[in-house]
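Chemist: Pasting the sequence and the predicted model now:
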Amino acid sequence: MLPLPEERKLISLAKKGDIPARQKLQLHLLGFFIFRIETTLHSSKIREFREDILQECVLLASVKIHSYKLRYRTKPGEYKMFRFSTYLWKAVTGIIFQQITKYNNETEYFDSADHELPVLD
């Protein structure tokens, strides 16, 4: 885990377009993504969806870097620092469940007898 000041420095550089800083930050976040996947999904589902979920999470991190506020203030105006992974926590969980729901919907569609092709005589 990167120290918070180093993580914030990487975010600042990535926001300015520094590609090596963005890559280092994404590499650092892979451990967090794997942790969230393994603590959220059953092991049989992990084998099925891990790669797709990881790809979605890396893309999410790339997009969310620009909306992450390095100078976040609470409602009373107090300056508060928090990790980028904390900022991504809910969105990563959403990606995990979105992938499972998408797979379940596709499976139900193809398993349904209503969607069989008509047999021509």
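Modeler: All right, it came through fine. Residues are numbered from 1 along each chain as shown.

Chemist: What count of nearby residues applies to Gln26?
Modeler: 18 (other C-beta atoms under 10 Å). The way it works is simple: take the backbone N, C-alpha and C, and place the C-beta from them, glycine included.

Chemist: so who does it touch?
Modeler: Val58, Ala61, Ser62 (C-beta atoms under 8 Å, 6 or more residues apart in numbering).

Chemist: and if we set it to 10 Å?
Modeler: Residues near Gln26 by C-beta atoms under 10 Å, 6 or more residues apart in numbering: Leu10, Ala14, Phe33, Cys57, Val58, Leu59, Ala61, Ser62, Ile65.

Chemist: got it, and His66?
Modeler: Per C-beta under 10 Å, 6+ apart, neighbours of His66: Ile11, Ala14, Lys15.

Chemist: Adding pLDDT and neighbour count as columns, could you present the contacts of Gln26 in JSON lines?
Modeler: Below are the contacts of Gln26 laid out as JSON lines (pLDDT from 0 to 100; neighbours: other C-beta atoms under 10 Å):
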{"residue": "Leu10", "pLDDT": "94", "neighbour count": "22"}
{"residue": "Ala14", "pLDDT": "94", "neighbour count": "23"}
{"residue": "Phe33", "pLDDT": "90", "neighbour count": "24"}
{"residue": "Cys57", "pLDDT": "91", "neighbour count": "23"}
{"residue": "Val58", "pLDDT": "91", "neighbour count": "14"}
{"residue": "Leu59", "pLDDT": "91", "neighbour count": "12"}
{"residue": "Ala61", "pLDDT": "91", "neighbour count": "25"}
{"residue": "Ser62", "pLDDT": "90", "neighbour count": "13"}
{"residue": "Ile65", "pLDDT": "91", "neighbour count": "20"}
